[in-house]
Structures are given as C-alpha cells and as structure tokens.
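Colleague: Provided below for reference: sequence and predicted model.
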Amino acid sequence: MKDKNWTAQHEKLYSMLLKYYQKIDNNIDENLFINDKKRYLMTIINNNNNWGDSTKEGLFFMIARYLIIDNPNDKYVKIYQQLGYDLMQKNRNKENENEQDEKEKENYRTHEYFINLLNTINPDEIKTKLGNYQLLLLSLLVLQPPLRTSFYISAKFIRNMKDNDKQNNYIWISKKGPLKIYYTVNNDKVTKTKIYSMNKQLSYIKINDQNLVKLIYNSYEQYPRNYLFEIDGKPISQPTYLSWLRKITNVKNINNDIMRSSYINWFYDNNKKLSEREKLANEMRHSVMTSQRNYRKIIDNNVTNDELKNKVELLDQQLKSCESKNMIDDKLYKKRRRDIIYNINKKGTIPKEDTLKKYNIVYDDDKKLYI
C-alpha cells in the first residue's frame with residue numbers, strides 16, 4: 001500500500017498482525033485480509049494476552065488507517081478509531097499514575113543491579129564474538145543513557161565525519177587527539193519533531209564513560225564489521241537483540257523500555273535539577289515529560305527492589321561465570337600440556353623446570369618419553 005499516510009510503523013504492525021492471523025487461518029489473501037476479516041480482528045486482538053495495551057492500541061489505529069485509505073466511508077473506520085482512542089486514554093491514565101504493570105514488576109531490576117552485574121564480568125575472559133556482543137550490549141544500556149532499540153540494531157561504524165550521510169545511524173569513532181566515540185542519530189521516531197529537527201547538534205551524543213569507549217573500540221578492532229551488531233554481515237533483528245539482552249542479564253522477559261526506566265529512576269534519584277534532567281532527556285531522545293510519564297516509575301520495594309533478590313541473582317550469575325571460566329581454563333590447561341609434551345618428545349624442545357612443574361609433566365624412564 002503506497003500512501004503518504006501509510007508509514008513504516010503501520011507496515012510493521014500490519015505484518016505482525018498478518019503473521020499472527022496466519023497461525024489461525026493460513027488460507028487468506030495477505031493483501032485483503034484486513035478488509036475480509038475486519039469484523040473479527042477486534043476480537044482476535046483483544047483476546048491476545050501476549051500483547052500489551054500499547055500494542056493493541058497501535059493495531060487498532062493501524063487498521064483504522066488502512067480502512068480509511070481504502071474506503072473513507074467504511075463504517076469500521078470509526079469503530080477501530082474508537083477502540084484505539086479508548087486504549088490510548090487508558091494507557092495515558094496508567095502512565096500518569098507512574099505505576100509498573102505486572103510484567104514490569106516481574107522483570108524490573110535496579111540500575112545498581114546492572115552495575116554490579118557488569119562488575120562480575122571480566123572482558124579479558126570472554127573469548128567468543130557472541131560473548132563480546134552481549135557484554136557490549138549490556139554496557140551500552142548501563143554505562144550510557146539508553147537509546148531506543150532501533151538505534152542499536154541499525155547503527156553502522158564510521159571513522160570520519162564525512163561518511164555521515166545524515167540518513168542512517170552511526171557509531172562515530174574519532175582518533176583525532178584522545179579516542180572519542182559518538183552516537184550519531186539521524187533516523188529515529190523523533191527525528192522530524194520540532195526540537196530535534198531544529199537543533200541538529202542533538203543528533204550527536206558523546207559517550208563519556210571511558211570504559212565504554214574502550215570496550216566499543218576494542219570490540220570493533222577485534223571483530224571488524226560495518227554494523228554495531230551484525231550476523232553474517234547483516235544487522236541483527238529486534239528478537240535477536242532481546243534474546244541477547246535476556247541472556248546476559250539472566251532476566252526472562254526484560255526489554256529495552258525496562259532498561260530505560262531503570263536508568264531514569266536511578267538518574268532522577270541522584271540528580272534533582274531540572275537542567276540535568278533536560279540534558280538526560282536530550283541524550284535519550286525524548287522530552288522530560290515523556291521521561292516522567294513513561295519511564296519514571298513508582299517502585300514496589302517489596303518486590304522489585306529487594307536487595308536479597310538482587311544478591312541471589314548476582315550470585316547465580318557469578319556461579320555460572322565461574323563454572324564457565326573453570327571449563328575454559330581446564331580445556332586450555334590440557335591443550336597447553338599436550339602441546340608442550342608433543343614439542344618436547346617430537347621436536348626436541350628443552351623444557352624449563354617451572355613449566356614441567358606447572359603442567360605436572362614427568363619423564364618416564366621405561367618409555368623414554370615425557371608424560
């Protein structure tokens with residue numbers, strides 16, 4: 001459907017609804033299914049407990065937009081517009097209460113939790129590209145104000161500012177003087193809003209945490225690539241992004257919004273000035289009002305901020321890390337021991353006494369070999 005009123009977001013919601021409906025009935029014309037099934041789609045959407053109210057709101061408005069483009073006089077246009085409006089009001093009222101929903105309560109973790117988690121991970125012990133990517137992802141969301149998912153799964157690396165085409169998103173690495181890295185945000189949901197379109201300097205966000213700067217640069221040097229995160233030369237998908245985030249945090253259904261909320265709650269607790277909060281809002285690409293309404297949450301200390309719960313989860317992470325490290329160390333020790341024995345027996349290498357002791361290598365007089 002080509003129409004100035006039909007956006008990429010509408011198309012995304014359309015595809016999501018189509019894929020879901022195809023599980024119910026695969027014998028449909030994907031170009032006509034909204035018109036053909038408009039009487040039933042409202043019930044199907046409402047009955048899907050895996051979709052939150054915000055998702056349902058978007059789907060209702062998407063269907064209304066689809067129908068009005070196709071036929072402005074269709075009676076279902078007003079029906080779906082009203083369904084979307086009712087949910088929008090419900091969601092707005094809920095946001096104004098600043099309370100977490102059940103999913104947020106279950107998966108929310110404090111910013112301190114993520115800091116402690118990062119402190120348990122030694123980057124030098126991570127030997128795989130996947131492990132490097134997951135650590136980098138967690139660090140980007142904890143050591144720097146988190147952006148929306150769309151940036152992380154679309155950003156490309158550039159080394160010179162002249163390579164910025166003002167259309168795509170970038171990670172700009174500058175080595176003029178001390179190493180510096182910037183987010184360059186040219187394309188997100190607020191790009192065309194008044195504040196961000198009038199002040200292009202807001203598109204450049206400097207990364208101030210030097211540990212994060214080094215981590216990004218070392219990752220890029222160790223695994224040269226075009227995109228911040230990529231598989232086989234292509235940017236990762238949103239499901240992959242969520243999968244990595246949940247793996248590294250060990251939180252079953254955590255998402256990017258929860259990470260943003262966690263950062264904002266921590267920042268607001270430690271920064272009371274409006275000027276500081278406005279600076280944070282600019283770096284997170286939204287307004288202070290959006291920050292306060294959508295992300296600043298009243299935390300139930302008995303559930304989500306329970307220090308014992310955090311400690312137990314951290315200990316579990318540390319245990320898994322230790323187990324993994326021991327497995328790696330044991331395999332590496334055995335391999336080195338075999339290599340040393342081979343070089344001594346086959347190549348005539350003269351071993352040092354310290355090496356023999358370290359790897360428990362002795363000379364067998366019967367076999368006339370080191371074992």
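Modeller: Nice, I can see it.
Colleague: leaving aside the residues next to it on the chain, what's closest to the residue most central in space within the chain?
Modeller: Residue closest to the mean C-alpha point of the chain, counted by CA atoms, centre = their mean, is Y241 at 5.0 Å. Closest residue to Y241 apart from its sequence neighbours, by CB to CB, 6 or more residues apart in numbering: I153 at 5.4 Å. The C-beta positions use only the backbone N, C-alpha and C, and glycine is treated the same way.
Colleague: tell me where the stretch 51-200 of the chain has strands.
Modeller: 156-158, 170-174, 180-184 (DSSP state E, counting those that start in this stretch).
Colleague: rebuild those strands as TSV, extending it with distance to L212 and mean pLDDT.
Modeller: Shown next, in TSV, are the strands of the stretch 51-200 of the chain (distance: least, CB to CB, whole Å; pLDDT from 0 to 100):
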stretch	distance to L212	mean pLDDT
strand 156-158	15	97
strand 170-174	11	96
strand 180-184	8	96
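Colleague: so, low pLDDT: which residues of the stretch 51-200 of the chain?
Modeller: 93-102 (pLDDT under 70).
Colleague: what ranges do the helices span in it?
Modeller: 53-70, 75-96, 102-107, 111-119, 129-142, 149-152, 194-198 (DSSP state H, counting those that start in this stretch).
Colleague: could I get those helices as JSON lines with mean neighbour count?
Modeller: Converted to JSON lines, these look like this (neighbours: other CB atoms under 10 Å):
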{"stretch": "helix 53-70", "mean neighbour count": "20"}
{"stretch": "helix 75-96", "mean neighbour count": "15"}
{"stretch": "helix 102-107", "mean neighbour count": "14"}
{"stretch": "helix 111-119", "mean neighbour count": "17"}
{"stretch": "helix 129-142", "mean neighbour count": "20"}
{"stretch": "helix 149-152", "mean neighbour count": "20"}
{"stretch": "helix 194-198", "mean neighbour count": "12"}
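Colleague: out of these, which gets nearest to R338?
Modeller: helix 129-142 (24.9 Å; CB to CB).
Colleague: contacts made by the closest one with the rest, please.
Modeller: Under the criterion CB atoms under 8 Å, 6 or more residues apart in numbering, residues 111, 114-115, 117-118, 121, 123, 126, 146, 152, 211-212, 215-216, 219, 222-223, 229, 241, 244-245, 247-249, 256, 259, 263 lie in contact with helix 129-142.
Colleague: now which of these would you call buried?
Modeller: 111, 114, 117-118, 121, 123, 126, 146, 152, 212, 215-216, 219, 229, 241, 244-245, 248-249, 256, 259, 263 (16 or more other CB atoms under 10 Å).
Colleague: excluding covalently adjacent residues, which one is nearest to R225?
Modeller: F157 (7.0 Å).
Colleague: on that earlier part again, the helices of the stretch 51-200 of the chain: which one's closest to K357?
Modeller: When the helices of the stretch 51-200 of the chain are ranked by proximity to K357 (CB to CB), helix 129-142 comes first, at 32.1 Å.
Colleague: restricting to C-alpha, output that closest one in PDB.
Modeller: Taking Å, rounded to 0.1, in the frame of the first residue of the first chain, the C-alpha atoms of helix 129-142 are listed here in PDB:
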ATOM      1  CA  LYS A 129      32.200 -12.900  19.300                       C
ATOM      2  CA  LEU A 130      28.800 -13.600  20.800                       C
ATOM      3  CA  GLY A 131      30.000 -13.100  24.300                       C
ATOM      4  CA  ASN A 132      31.700  -9.900  23.200                       C
ATOM      5  CA  TYR A 133      28.500  -8.600  21.600                       C
ATOM      6  CA  GLN A 134      26.400  -9.500  24.700                       C
ATOM      7  CA  LEU A 135      28.700  -7.700  27.000                       C
ATOM      8  CA  LEU A 136      28.900  -4.700  24.700                       C
ATOM      9  CA  LEU A 137      25.100  -4.600  24.600                       C
ATOM     10  CA  LEU A 138      24.700  -4.600  28.300                       C
ATOM     11  CA  SER A 139      27.400  -2.000  28.700                       C
ATOM     12  CA  LEU A 140      25.700   0.300  26.200                       C
ATOM     13  CA  LEU A 141      22.500   0.200  28.200                       C
ATOM     14  CA  VAL A 142      24.100   0.700  31.600                       C
END
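Colleague: got the angle for it vs strand 180-184?
Modeller: Note on geometry: by axes from the mean of the first three to the mean of the last three CA atoms, to 10 degrees, helix 129-142 and strand 180-184 are set 80 degrees apart in direction.
Colleague: how far away from the center of its chain is helix 129-142?
Modeller: Here helix 129-142 is found 9 Å from its chain centre; the criterion is CA atoms, centre = their mean, to the nearest Å.
Colleague: averaged pLDDT, the helix or strand harbouring K346. What do you get?
Modeller: Here K346, judged by DSSP states H and E, is contained in helix 307-347. For helix 307-347, mean pLDDT is 65.
Colleague: so how far is the following helix or strand past that helix from its chain's centroid?
Modeller: Per DSSP H and E, helix 307-347 leads on to helix 353-358 as the next helix or strand towards the C-terminus. Distance of helix 353-358 from the chain centroid (CA atoms, centre = their mean) equals 46 Å.
Colleague: ok, residues contacting helix 353-358?
Modeller: For helix 353-358, using CB under 8 Å, 6+ apart, the contacting residues are I340, I361, V362, Y370.
Colleague: buried only: go through those for me.
Modeller: I340, Y370.
Colleague: which one of the contacts of helix 353-358 is nearest Q9?
Modeller: Of the contacts of helix 353-358, the one sitting nearest to Q9 (CB to CB) turns out to be I340, at 60.0 Å.
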